[in-house]
Every structure is written in structure tokens, then in C-alpha cells.
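Engineer: let me see the structure of the following:
(one chain, ligands or ions: 1)
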Amino acid sequence: MAGQETMTYTLRVFILAILHNPAVAKAAQAQLDSICGSHAPSFEDREQLPYIEALIKETMRWRPVAPIGVPHLASEDIEVQGFLVPKGTLFIDNIWSQSRDPALYPNPDQFDPARFLDATGCLASPIPDAHQLGFGRGRRICPGRDFAINGIFIAAASLLWAFDFEWAVDVTGNPVMCGTLEMEDHSVLATVRPFEMKVKPRREGLDEKLLELLRERDANLSV
Ligand code: HEM
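Structural biologist: Next comes the predicted model:
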């Protein structure tokens, strides 16, 4: 599973979430515009973009792409909180259920990045053992988690800075939507199914700049 699918699937969930929650996209874009203005977001802006951090945390909580983690097997008898766990026991880390614990996440089905922010809009103190929930736990916790979060941060910030996202429309002009629980399985991974959308540049000259980058990429690939 490692990095490629997990990150792609998380970004797919992120886009579905903002399509269903345009007010969240607007709030994120307002913060990006005020901090980054006309330059594309960079890691140097990160500390001043708590809403984007919260948006990523909420994406990973709302639809964790590894909802049952990776199963583990006890290689010997062990004791956990006073219980004997015999050798051969299969452990399933139910990340899906933990990430919708209403005691930690009120209205867990609602997509709400603000649950990770305090009253001043800064990141709230971490809920114990919960913010990194999607990456598993203990000695086998995902070693790619910092790489993943950094990559998702810069991708999500850049996409929202550069584009508005809307549902695609059919020939009669009706939106072609994908429901928030239209999921598909990929072994231990799960994500929302592929869906169509419209992407509109928010920056002057961006279409031309993107075409230029694509031409450069194609030229490099053909060398
Ligand atoms: C959103 C992105 C990602 C998610 C949600 C994710 C999630 C997970 C989860 C739940 C596990 C199992 C942890 C456990 O056994 O308790 C895992 C293991 C692992 N992940 Fe990730 N991961 C992501 C990205 C990455 C990336 C980018 C890399 C590498 C660059 C990576 C490399 C690995 C490896 C090597 C393991 C196996 C660790 C072991 O068994 O000791 N992951 N990941």
C-alpha cells in the first residue's frame, strides 16, 4: 500500500469533501489569499495556514483511507491491560470507528475542519492519540506519515489557491454528484469512487502557465 495509493486516495477524499462543503473551500481560500496573495503556497507559509492543516486532519478523520489499518498477528502470548492475548491472535485496528467516536468528534459524520481549531483559529491542542489515527500506532506506525502529510499539505493548499472546484454537469445542466459514502475497496484501503468535476482557475494567466508547465514536462519526458 505504502505511499502512492494512500496519498492519491486521500486527495480524492479531500476534493469530494470540498465539493460537498463549498463554505469550507471558501474559508480555506480566504486564508490562502490573505497569506499567500499572488504567490503559490509554499512550506514557508505553513505555520500561517492552520485552516489548511485542519482541513487535512479532517479529511483523514472523515474518510480514513486505511479504515482497518493493517492487520497484525500476535507472535507470542502477550498481556494487554490485564488481558491475556494468546499467540496467533489477529489484531484489527478499527481506525474507521475510532475516528467517528462522538466523545472526541461531535457530529462525526459532518465534515468540519473547525473541530481542530481553537476559538482564535489556531490549531487546537492535539486530541490524545487521535490526530495521527489514520497512520496506525505503536512500533509499526506508518513511517511515511511526515512525508505523506507534507505532500498532502502542499497539494491541497496549491489546488485551493489555484482553482475553484464545482460538480460537473450533465447535458441537461444538472450536477453529476458523487455521494459521501460511495466508496470503493482496494484490499485494506478504501476511498470514494472516481467522480467528475469542473476545475476553474482562480488566478489570471494560470491557464497559460499550466500549459507551459505541461509543455515543459512533455519536452523533458521525450528527451
Ligand atoms: C495518507 C497517506 C498514508 C496513510 C493513510 C498511511 C497509512 C498507513 C497505515 C495505517 C499503516 C499500518 C500501520 C500499522 O501497522 O499500525 C501504514 C504502514 C506503512 N506505511 Fe503508510 N500511510 C500513508 C503514506 C505512506 C507513505 C507516503 C509511505 C512511504 C513513503 C508509507 C509507508 C509505509 C510503510 C513502509 C508501512 C509499513 C510499516 C511497518 O509495517 O512496519 N506510507 N501506513
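Engineer: near residue 193, how many other residues are there?
Structural biologist: The number of residues packed near residue 193 is 11, by other C-beta atoms under 10 Å. Heads up, the C-betas are built off the backbone N, CA and C, glycines and all.
Engineer: what do you get for residue 123?
Structural biologist: That count, for residue 123 with other C-beta under 10 Å as the rule, works out to 15.
Engineer: what's near enough to touch the nearest residue to it once chain neighbours are set aside?
Structural biologist: Spatially, and ignoring its direct neighbours in sequence, residue 123 is nearest to residue 50 (4.8 Å; C-beta to C-beta, 6 or more residues apart in numbering). Listed by C-beta atoms under 8 Å, 6 or more residues apart in numbering, the contact partners of residue 50 are 31, 117, 121, 122, 123.
Engineer: tally of neighbours for the third one?
Structural biologist: If I follow you right, that is residue 121. 12.
Engineer: which residue is the nearest non-sequential neighbour of it?
Structural biologist: Ranked by C-beta to C-beta, 6+ apart and with sequence neighbours excluded, the top spatial neighbour of residue 121 is residue 50, at 6.3 Å.
Engineer: distance of the residue nearest to residue 123 relative to residue 110?
Structural biologist: Distance check for residue 50 against residue 110: by C-beta to C-beta, to the nearest Å, it reads 19 Å.
Engineer: for the lengthiest strand in the chain, list every residue counted as buried.
Structural biologist: Counting residues, the longest strand found in the chain (DSSP state E) is strand 163-169. Of the residues in strand 163-169, those with enough neighbours to count as buried (16 or more other C-beta atoms under 10 Å) are 163, 165, 167.
Engineer: partner strands of the next helix or strand along the chain from that strand, with direction?
Structural biologist: Scanning the chain past strand 163-169 towards its C-terminal end, the next helix or strand to appear is strand 175-176 (assignment: DSSP states H and E). Here the strand partners of strand 175-176, with direction, are listed using DSSP bridges: strand 163-169 (antiparallel).
Engineer: which residues are in contact with the strand it pairs with?
Structural biologist: So strand 163-169 is in contact with 15, 18-19, 25, 29, 159, 175-177, 195-202, going by C-beta under 8 Å, 6+ apart.
Engineer: can you show me the CA trace of it as CSV?
Structural biologist: Below are the C-alpha coordinates for strand 163-169, written out as CSV (Å, rounded to 0.1, in the frame of the first residue of the first chain):
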residue,chain,number,x,y,z
PHE,A,163,-8.7,26.6,-8.5
ASP,A,164,-12.4,26.6,-7.7
PHE,A,165,-14.0,23.2,-7.8
GLU,A,166,-17.5,22.5,-8.9
TRP,A,167,-19.6,19.5,-9.8
ALA,A,168,-19.6,18.5,-13.4
VAL,A,169,-23.0,18.9,-15.1
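Engineer: quick one: that strand to chain centroid distance?
Structural biologist: Mean-position distance between strand 163-169 and its chain equals 18 Å (C-alpha atoms, centre = their mean, to the nearest Å).
Engineer: same thing with stretch 57-68?
Structural biologist: Centroid separation for stretch 57-68 versus its chain: 7 Å, with C-alpha atoms, centre = their mean.
Engineer: what pLDDT, on average, does that stretch get?
Structural biologist: Model confidence over stretch 57-68, given as mean pLDDT, is 96.
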